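K.L.:
pasted the sequence and its predicted model underneath.
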Amino acid sequence: NLSTARQTTGGYLDAYVDLDATLIDFGGRNAAFNAALLEKEIAYLDFDLTTNNQAFKYGKVYIEYSSKILEKFIYDDFEKDILSLQNEVKERFKGGVTTIFEVNSVEQALTRFNIRKALYSQELETNKSEYLSVFTSSDLEPPMIDALDLLEIGKTKILKPNSLYENKTGFLEEKKFSKKHKIALQDYFVAQSSVSPNLKTKLRYKAFDVDSYNNDYELVLTFTGSLGVYDAGKSGSIANAAQKRAKIAQARKKAVKINNAARLGTIESQINSTLARLSKINDAT
């Protein structure tokens, strides 16, 4: 810093350096610093959550469209079979070995199939437009991802495959609310600190007349403090609000943990049910 009263002639130019330090503030400054670090960690968690949500969204669009492409081959094969059956029934009817009832039954089946195929075509176009809105430069007939293969890959990446549906490290949302709980506690400490006694010190080195310096200086150490007895309830209301936020964050953390654990359990039962159905279909065919 410079302090000057220099004019055209005469005057002076002094220079000084200040060193300020807080000796006692009952943890207020450290609490504010810790809260800022926790906010930074939350920002990283939010980024990871956004990445996960987008990956789920894009993966869902990809698999739904791929499934519709696969479904097309099933419809084509079924259509060939029912048209072939229609021709056979007509030939048998001409030969007198069947009744008009069977001919009408096949015609009705063909009508129902055409309705289902028309609905399928509408669904295909919807999925196709969603697919193109995400994968703008991709193949219009993407390869189908085998969900069972993905499941097996997931199992090989886990040391104990039986723990595939367990989360021992904590969910991202759970970690986020845990940090929000800690931030609220830091805010509480900051509010408490604002009405607690504090002590600060300042060390000043000041050189006089530096343009014609003659080793004239002074070194001053000062102490300032405050009792912080009364602030009309401002710090109290801030502290109470921080405590409420801490309780809410803790409650939401528990709710998220329970909800996500239930979701994992639901996914496990759905996959096991699908695997059981596939096994029965394989046995039947």
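P.N.:
Okay, I see it. Residues are numbered from 1 along each chain as shown.
K.L.:
what is the longest strand of the protein by residue count?
P.N.:
strand 13-24 (DSSP state E).
K.L.:
give the pairing partners of it; include direction for each.
P.N.:
strand 2-4 (antiparallel), strand 198-207 (antiparallel) (DSSP bridges).
K.L.:
that strand: which residues count as buried?
P.N.:
Across strand 13-24, burial judged by 16 or more other Cβ atoms under 10 Å covers Leu13, Asp14, Ala15, Tyr16. All C-beta spots, glycine's among them, are computed from the backbone N, C-alpha and C.
K.L.:
distance between the strand or helix carrying Ser133 and the chain's centre?
P.N.:
Taking DSSP states H and E as the definition, one finds Ser133 inside helix 100-134. Distance of helix 100-134 from its chain centroid, counting by Cα atoms, centre = their mean, to the nearest Å, is 38 Å.
K.L.:
ok, then the element right after that helix?
P.N.:
Heading C-terminal from helix 100-134, the first helix or strand you meet, by DSSP H and E, is helix 147-156.
K.L.:
work out which residue lies at the spatial centre of the protein.
P.N.:
Nearest residue to the geometric centre of the chain (Cα atoms, centre = their mean): Leu49, 1.4 Å.
K.L.:
so when I look at it, I'm seeing a helix, right?
P.N.:
Yes: the assignment for Leu49, made by DSSP: H, G, I helix; E, B strand; the rest coil, places it in a helix.
K.L.:
I figured it hits Phe171, correct?
P.N.:
No: Leu49 is not in contact with Phe171 according to Cβ atoms under 8 Å; the separation is 9.7 Å.
K.L.:
what is the helix holding Ser133 packed up against?
P.N.:
Contacts defined by 3 or more Cβ pairs under 8 Å, 6 or more residues apart in numbering; DSSP states H and E place helix 100-134 against helix 28-94.
K.L.:
picking up where we left off before, list the buried ones in the helix holding Ser133?
P.N.:
Val106, Phe113, Leu124, Asn127, Glu130, Tyr131.
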